[in-house]
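Undergrad: I'd like to go over a predicted model; first the sequence, then the structure.
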Amino acid sequence: MKFLSNITILVVDDEPLQSMMTCLILEKYGYTPISSHSGEDAILKIQGNKDIVLVLMDIELGQGMNGVEAAKFILENRDLPVVFHSGHSDITTLQKIQDVHRYGFILKSSGEHILISNLEMALELYFTKKKLKENELKFNLITKNINEIFWIEDTINQTIVYITPSVENLFGFSPEELYENKLKFLEAVYREDLKIVHENYEVTLKTKSETNFQYRIINKLGEIKWLQARLYPIKDENSNIYNLVGFAENISQMKSISLALKEKSKIQELQFNQMPIICTFIDLDFKILKWNLMCEKVFGFKEAEVIGKDIISLVVAPEDLNNIKNIPNLIDSKTETLEYTNRVINKNGERILCNWYNSPIRDNDGKILGLICSAIDITKVKESEETNLKLLNEKEVLLKEIHHRVKNNMATISSLLYLEEEEITEENAKTSLQEARKRIMSMMIIYEKLFESKNFNDISLKEYLNSLLVELTTSFPMKNAEFFVDLEDVVCATNTLYPVGIILNELLTNCYKHAFPLTFTKARINIKGELLESKLYQISVEDNGIGYDPEEDGKSKVSTFGLKLIDILTKQIKGKLIKSLGHGNKGTKTLIQFQVT
């Protein structure tokens, strides 16, 4: 890998030559391979060598323990990425590794570039997961020592996916109880305040904006506590909410003091400095008036150093000055909150990415006196998002390159068959080569569509079949034949389109061979595709040719390669083939029915 060196990889393969070739390839790219020829030996090498970072495991290892069993044993004892390396890709082989935590599957015939690319991706994913796990441990350590409650709610599945352990100290419910039933906390909410909680949840989901509210709870000791709660919607690129992030802190002491002392400045100062987020007060000229303890922690400046200074020139990164140009509009309008994201620079020159929330401070007459600016550090969250996006983009590029190369290889094979066809004179052989080229062409078109598509699993059936029919009808020997095509579009999996394309090719070939004698004029072929009930798709191919004798057709034992191929591929897609006379008992009509996802 470009950013890692001296990576030790254990190559487990019972074929010495294959193992030697794999090790030479790994050495070529700067890796340190260790060879093992059995599952038992691989386990011993893992136990005795802590430098091994990745295991490249064959599935079939001859006598003794197979690759799947060895991988399971290794993973029970060490957290290592296992990549399976096999010469087989049939469904039986793939099913063997389904329940093994693996980082990839590589065919031995894929070539060294695909081997190295897949190993690089596996190592990147492994080290990324390892780093995320370390960060998660640090995060859990931090959250165990804070008094405020922080939670993340999945609005799609209506579940809480994370909540800090401090919830048990305040509510008396364990995090596990709330994971099982997110509404359990309502049992503690003061009866008269249930409406406040429900209304604020509804407002957040409806307006897709932050809500801030207070309510009371009765804990298991019968004590009444005041909570300050904030809800922040997390939206996708289409502005649909998929998560709610919530903060709640016990403000009972502040509330009681506030009611008793009528919000004396001492209590306001206490509350201000206890806020778990960045918070500062500024006047209408953006001069700093107040600077809480979280500001001191994040920016590195003590309050005495910043009072009276311009907050924009003090901490805002020069490249993000445009992000805050709308702040004057907040002062001059009725907007209650202005939210934006920008980078700030702390005392040590480090850049920090923050989400800012600016709200006006008004007197009793509604006159704006200044702004309260609060912020949350989202630097690590943004870095994690960018890392995941980079890995996803790299995977998409690799898949497109694979599809492109497969298509090119098929084009080469088709060209070779054409050259061979030009060299021979025997008609049956020429016909066989022509039919083989058409079958390859039907598969080439799928890879062409995959290369153009953003979805590597599903393709438009109509788009694929139209492209295929253009190629097939262009090369149809009867130049005066008329083709009528009417296809209803559905999205179809590629492993279904392969057989369907070849079946359609064979049916059209049969029309040419058997439906229309040389003396036949006005040949017509109708091709129709329609979606029936229960996701059953039907393609009909009907010609106006000489037809066939149904009684004799059933007795015939002659079966060409094309008919065998149609039968095999129909069974492969679990479809149904129906053959009958055409309209008015003229010509032949063939139906193929199969399920689409």
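TA: Arrived safely, thanks for sending.
Undergrad: per-residue confidence for S432?
TA: S432 is assigned a predicted lDDT (pLDDT) of 69.
Undergrad: doesn't M254 fall inside a strand?
TA: No: with DSSP: H, G, I helix; E, B strand; the rest coil as the criterion, M254 is assigned helix and is not in a strand.
Undergrad: hang on, it packs against F272?
TA: No: taking Cβ atoms under 8 Å as the definition, M254 is not a contact partner of F272, at 10.3 Å. The C-beta positions use only the backbone N, C-alpha and C, and glycine is treated the same way.
Undergrad: report the contact partners of L194.
TA: L186 (Cβ atoms under 8 Å, 6 or more residues apart in numbering).
Undergrad: Y215 pairs with what?
TA: L227 (DSSP bridges).
Undergrad: does the residue lying farthest from the centre of the chain count as helix, strand or coil?
TA: Relative to the mean C-alpha coordinate of the chain, counting by Cα atoms, centre = their mean, the farthest residue is T519 (57.7 Å). Secondary structure state of T519, per three-state DSSP, is coil.
Undergrad: can you name the element that comes right after the host helix or strand of I152?
TA: Assigned by DSSP states H and E, I152 belongs to strand 149-154. Moving toward the C-terminus from strand 149-154, the first helix or strand encountered (DSSP H and E) is strand 159-163.
Undergrad: please name every helix or strand in contact with that following strand.
TA: Packing partners of strand 159-163 (3 or more Cβ pairs under 8 Å, 6 or more residues apart in numbering; DSSP states H and E): strand 149-154, helix 175-180.
Undergrad: and it, which residues are buried?
TA: If you call a residue buried by 16 or more other Cβ atoms under 10 Å, then strand 159-163 has these buried ones: I160, I163.
Undergrad: enumerate the positions of stretch 21-31 that are buried.
TA: T22, C23, I25, L26, Y31.
Undergrad: just the residues you listed now: which is nearest Y179?
TA: When those are ranked by distance to Y179 (Cβ to Cβ), Y31 comes first, at 42.1 Å.
Undergrad: check contacts around that closest one.
TA: Y31 sits next to I7, T8, I9, L119 when contact means Cβ under 8 Å, 6+ apart.
Undergrad: quick check, the last one in a strand?
TA: No: membership of L119 in a strand is not supported by three-state DSSP, which gives helix.
Undergrad: neighbour-wise, which one of the contacts of Y31 leads?
TA: L119 (25 neighbours; other Cβ atoms under 10 Å).
Undergrad: surely it is in contact with T22?
TA: No: using Cβ under 8 Å, L119 is not in contact with T22, being 10.4 Å away.
Undergrad: domain-wise, how is this protein divided?
TA: Annotated domains of the chain cover 8-142, 146-259, 277-377, 457-595 [automatic domain parsing].
Undergrad: the shortest one: how far from the chain's middle?
TA: What separates the centre of domain 277-377 from the centre of its chain is 36 Å, taken as Cα atoms, centre = their mean, to the nearest Å.
Undergrad: now it: average pLDDT?
TA: pLDDT averaged over domain 277-377 gives 84.
Undergrad: try the first one
TA: Model confidence over domain 8-142 averages 89 on the pLDDT scale.
Undergrad: same question, the longest one
TA: Averaged across domain 457-595, the pLDDT comes to 82.
Undergrad: assign L137 to helix, strand or coil.
TA: Three-state call for L137 (three-state DSSP): helix.
Undergrad: roughly how far apart are it and K130?
TA: 11 Å (Cβ to Cβ, to the nearest Å).
Undergrad: kindly report the same for E180.
TA: From E180 to K130 the distance is 30 Å (Cβ to Cβ).
Undergrad: ok, now L17?
TA: From L17 to K130 the distance is 34 Å (Cβ to Cβ).
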